[in-house]
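Visitor: Give me the fold of what follows.
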Amino acid sequence: QVQLVESGGGLVQTGGSLGLSCAASGRTTYAMGWFRQAPGKEREFVAAINNDESTYYADSVKGRFTISRDFATNTVYLQLNSLKPEDTAIYYCAARTYYSHYYTTAAHYNYWGQGTQVTVSL
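Guide: Numbers count the residues shown, from 1 in each chain. Now for the predicted structure:
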């Protein structure tokens, strides 16, 4: 079992910044990532980071969001800069305990956090 505890999020104005963190405990995790889900929309991939620190980003957040990982504490971070109203969503931390070539599909992660709300106002 893996427990994922998220923190961060909140309300910010357009152009502002926020930081999210997700602490994992339990079994060893391989890739960890972030997904988001806006009201009435499907959950979508945001960013992921592998054990070799290779990173993957959705086109919509490239250049604005940065994912990083502290292996000592098994914590993954997501720095959100230049936020836009369309970034408003619940952000979910995800992790998997097996190796896979796939990083952008929710089905390839077997553990999820409870979600944290990010709201970007005009």
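Visitor: from here on, contacts and neighbour counts on C-alpha atoms
Guide: Will do.
Visitor: quick one: secondary structure of the residue sitting nearest the centre point of the chain?
Guide: Closest to where the C-alpha atoms of the chain average out (CA atoms, centre = their mean) is W34, at 1.9 Å. Counting by DSSP: H, G, I helix; E, B strand; the rest coil, the backbone at W34 sits in strand.
Visitor: can you tell me which residues contact it?
Guide: Each residue near W34 by CA atoms under 8 Å, 6 or more residues apart in numbering is listed here: F45, V46, A47, A48, L78, Y91, Y92, C93, A94.
Visitor: Just name the closest of those to I67, please.
Guide: When those are compared for distance to I67 (CA to CA), L78 wins out at 4.6 Å.
Visitor: Among the contacts of W34, which one sits closest to T116?
Guide: So of these, ranked by how close each gets to T116 (CA to CA), first place is Y91, at 5.3 Å.
Visitor: Distance from the helix or strand encompassing that closest one to the middle of the chain?
Guide: Element membership for Y91 (DSSP states H and E) is strand 89-95. Remark: strand 89-95 is offset 5 Å from the chain centroid, using CA atoms, centre = their mean, to the nearest Å.
Visitor: Neighbouring strands of it in the sheet, and parallel or not?
Guide: Here strand 89-95 is paired, per DSSP bridges, with strand 32-37 (antiparallel), strand 111-112 (antiparallel), strand 116-121 (antiparallel).
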